[in-house]
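Asks: below are the sequence and a predicted model for it; my questions follow.
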Amino acid sequence: MPRLRLGVLISGRGSNLQALIEATADPAHPAEIGLVISNRADAAGLDRARRAGIPSRVIADTNREHFAAEAHHALRGAGIGFVALAGFMRILHPGFVEGWRDRMVNIHPSLLPAFPGLGTHRQALDAGVLEHGATVHFVTAQLDHGPAIAQARIEVRPGDTEETLATRLLVEEHKLYPYAIRLFVEDRLSIVDDQVVVAETHKI
Ligand code: GRF
């Protein structure tokens, strides 16, 4: 079986990209990363792609339409069938979102629908929640609102700061993202009435 080719969009550090690189490094994994795109030339994640021998592109995002057209073209050209946003910090053009509908996911550092947008750890601390987490969801036109695929949870402890929450949560994100992507690649996800249904076993 040919491996499904994954495109990863980043803007910065790329630790989730690294988790995906490591998860797909095994040739027996049903997916491989075929292209990494960054909207920033100084994203540390680009070095991670280079070290792993994965092709990468920098596409400036000064014009959203231009970025969408270039990125779409590059992804198509690389035979990409599925896109993962991993710390990609720009709102995508609606045409791009539509073009990758049901084939593009994002990881967001909160238990959606709680705390969409930026500053999620601050939002969690201010709200006084006892539990925080991360969500992998399909990307739709409405920011951080697409159907959720999987979540990871951490407890909020007395004395926690944005930094301690981010550090503890990141460890969970690095397990969650490869897990959620494997569900997609193994064709175990379907969307019914805007909700994700996870098939427990393979259909034969
Ligand atoms: C992660 O916390 C992710 O949930 C959010 O942005 C951060 C990206 O970190 N979308 P990294 O670039 O993957 O290290």
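Replies: Happy to help now that I have it. Note that the structure is predicted; figures quoted are calculated from it, not measured.
Asks: can you pull out the low-pLDDT segments for this structure?
Replies: Residues of the chain meeting the criterion pLDDT under 70: 201-204.
Asks: around the ligand, which positions in it sit nearby?
Replies: Contacts of the chain with the ligand, taken as Cβ under 6 Å from any ligand atom, map to Gly12, Arg13, Gly14, Ser15, Asn16, Ala86, Gly87, Ile107, His108, Pro109, Ala134, Glu173. C-betas here are computed from N, CA, C, even on glycine.
Asks: right, and the last one touches Ile107 too?
Replies: Yes. The pair Glu173 and Ile107 qualifies as a contact (Cβ atoms under 8 Å) at a distance of 5.9 Å.
Asks: identify the contacts common to the two.
Replies: Asn16, Ala134 (Cβ atoms under 8 Å, 6 or more residues apart in numbering).
Asks: mind listing the helices for the protein?
Replies: Listed in chain order, the helices of the chain (DSSP state H) span 15-24, 45-51, 64-77, 94-99, 120-127, 162-185.
Asks: how far does the shortest one sit from its chain's centre?
Replies: Computed by Cα atoms, centre = their mean, to the nearest Å, the separation of helix 94-99 from the middle of its chain amounts to 16 Å.
Asks: which positions within that helix qualify as buried?
Replies: Phe96, Val97, Gly99 (16 or more other Cβ atoms under 10 Å).
Asks: for Trp100, see how far away Arg76 is.
Replies: Taking Cβ to Cβ, to the nearest Å as the measure, Arg76 and Trp100 are separated by 11 Å.
Asks: likewise for Val129?
Replies: According to Cβ to Cβ, Val129 and Trp100 sit 32 Å apart.
Asks: ok, Arg168 - contacts?
Replies: Ile154.
Asks: and the closest residue to Leu176 other than its chain neighbours, what are its bridge partners?
Replies: Leaving aside its sequence neighbours, Leu176 sits nearest to Ala152 (Cβ to Cβ, 6 or more residues apart in numbering; 4.2 Å). On the basis of DSSP bridges, Ala152 is bridged to Ala134.
Asks: what about Ala152, neighbour count?
Replies: When neighbours are counted by other Cβ atoms under 10 Å, Ala152 registers 22.
Asks: for it, which residues are in contact?
Replies: Gly133, Ala134, Leu169, Glu172, Glu173, Lys175, Leu176.
Asks: how about those, which pair is most distant?
Replies: Farthest-apart pair in the contacts of Ala152 is Gly133 and Lys175; separation 12.0 Å (Cβ to Cβ).
Asks: which one of the two has more residues nearby?
Replies: Counted by other Cβ under 10 Å, Gly133 and Lys175 do not tie: Gly133 has more neighbours, with 25 against 13.
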